[in-house]
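Asker: Below is the sequence, then the predicted model.
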Amino acid sequence: MPRNQRFVLLGLALAIVVVAAVVIGGGSSNATKSAGPTTIVVKNAQPVGGVKSVTFKKGGTVDLTIQSDTADEVHFHGYDVHKDVKKGGSVHFRFPASITGRFVVELEKHKQTLANVTVAQ
């Protein structure tokens, strides 16, 4: 068997092993995976890449930063936390994830949703 053909077959075998590991290991867990520290960038009063969906584990910490080129009030609904962000500035939300549910984070004056945050068991 030529050397190049062996390398191709070895590469294909490796790809099959990686795909199998992802399929077998990735779909069986029911545990909530916490997002960890998350940053959302806002340009022209819109979240870059669209509205983000973020999950934090109950009992953990909500850790969310908003970087914005638009001045507004950022409101983290449900936990009812408000912070003013200056044009070109950022605000940081860090608090215990103690209330389960789904919560909207928005630019209040622009009525623009930035994130849908889930706090789950």
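Answerer: Looks like it came in fine.

Asker: only C-alpha atoms for contact and neighbour calcs from this point on.
Answerer: OK.

Asker: Give me the residues contacting stretch 35-47.
Answerer: By CA atoms under 8 Å, 6 or more residues apart in numbering, the surrounding residues in contact with stretch 35-47 are 48, 52, 54-56, 61-70, 107, 110, 112, 114.

Asker: I'd like the list of the residues you listed that fall within strands, please.
Answerer: If you go by DSSP state E, the contacts of stretch 35-47 have 52, 54-56, 61-68, 107, 112, 114 in strands.

Asker: could you dump stretch 105-117 to CSV, C-alpha only?
Answerer: C-alpha atoms of stretch 105-117 as CSV (Å, rounded to 0.1, in the frame of the first residue of the first chain):
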residue,chain,number,x,y,z
VAL,A,105,-31.6,40.9,29.7
GLU,A,106,-32.4,44.0,27.6
LEU,A,107,-31.5,47.6,26.7
GLU,A,108,-34.4,49.2,28.5
LYS,A,109,-34.8,52.4,26.5
HIS,A,110,-34.3,50.7,23.2
LYS,A,111,-36.5,47.8,24.2
GLN,A,112,-33.9,45.5,22.7
THR,A,113,-33.4,42.0,24.1
LEU,A,114,-29.7,41.1,24.4
ALA,A,115,-29.9,37.7,26.1
ASN,A,116,-32.3,35.0,27.3
VAL,A,117,-30.8,33.7,30.5
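
Asker: Not counting residues beside it along the chain, what's closest to the spatially most central residue of the chain?
Answerer: Among the residues of the chain, the one closest to the centroid is Val54, at 4.0 Å (CA atoms, centre = their mean). The shortest distance from Val54 to any residue other than its chain neighbours is 4.8 Å, reached at Val117 (CA to CA, 6 or more residues apart in numbering).
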